[in-house]
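[1] show me how the following folds:
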Amino acid sequence: GAEGRAYIDLLFKVEKEIEDVSFEEKKQKRQEASQPILDAFWSWIEETAAKHTTNEKLTQALTYSTNQRKYLEIFM
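    Residues are numbered from 1 along each chain as shown. Okay, here's the model as predicted:
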């Protein structure tokens, strides 16, 4: 849903802000800014997945995200 997309948009916004800084600065900014967003995203995934829905696209997106979690967190 829109809420999940909002978390992803926030993560991309952080990445855009740090695209021209050093690796160490990126690492620090990701820990300070991106990690809380990512934590909230995973909480939203878990809460939303626990609810019954007939929205097949949402169910597919939640399953995909869960299956890709370890890859999505590599950048941290």
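[2] which parts of the lowest-mean-pLDDT helix or strand in the chain are buried?
    When each helix and strand of the chain is scored by mean pLDDT, DSSP states H and E, helix 69-72 comes last, with a mean of 86. If you call a residue buried by 16 or more other C-beta atoms under 10 Å, then helix 69-72 has these buried ones: residue 72. Any C-beta I mention is one placed from the backbone N, CA and C, and that applies to glycine too.
[3] what lies in contact with that helix?
    Outside of helix 69-72, the residues within contact range by C-beta atoms under 8 Å, 6 or more residues apart in numbering are 38, 42, 65.
[4] try it again at 10 Å.
    Residues outside helix 69-72 that contact it (C-beta atoms under 10 Å, 6 or more residues apart in numbering): 8, 11, 38, 41, 42, 45, 65, 66.
[5] try stretch 32-48
    1, 3-4, 6-11, 13-15, 17-18, 26, 29-30, 55, 58-59, 61-63, 65-66, 69, 72-73, 75-76.
[6] how about 8 Å then?
    Contacts for stretch 32-48 (C-beta under 8 Å, 6+ apart): 1, 3-4, 7-8, 10-11, 14-15, 58, 62, 65-66, 69, 72-73, 75-76.
[7] for the record, mean pLDDT for it?
    Per-residue pLDDT over stretch 32-48 has a mean of 94.
[8] next, count neighbours for residue 16.
    By other C-beta atoms under 10 Å, 9 other residues sit near residue 16.
[9] state the distance from residue 73 to residue 53.
    Separation of residue 73 from residue 53 (C-beta to C-beta, to the nearest Å): 25 Å.
[10] then residue 38?
    According to C-beta to C-beta, residue 38 and residue 53 sit 23 Å apart.
[11] more neighbours: these two, which one.
    Neighbours were counted for residue 38 and for residue 53 using other C-beta under 10 Å; residue 38 has more, 20 against 12.
[12] give me the subset of the contacts of stretch 32-48 that lies in strands.
    Using DSSP state E, no member of these falls within strands.
[13] now, of those residues, which are buried?
    The buried subset of these - by 16+ other C-beta under 10 Å - is 4, 7, 10, 11, 14, 62, 65, 72.
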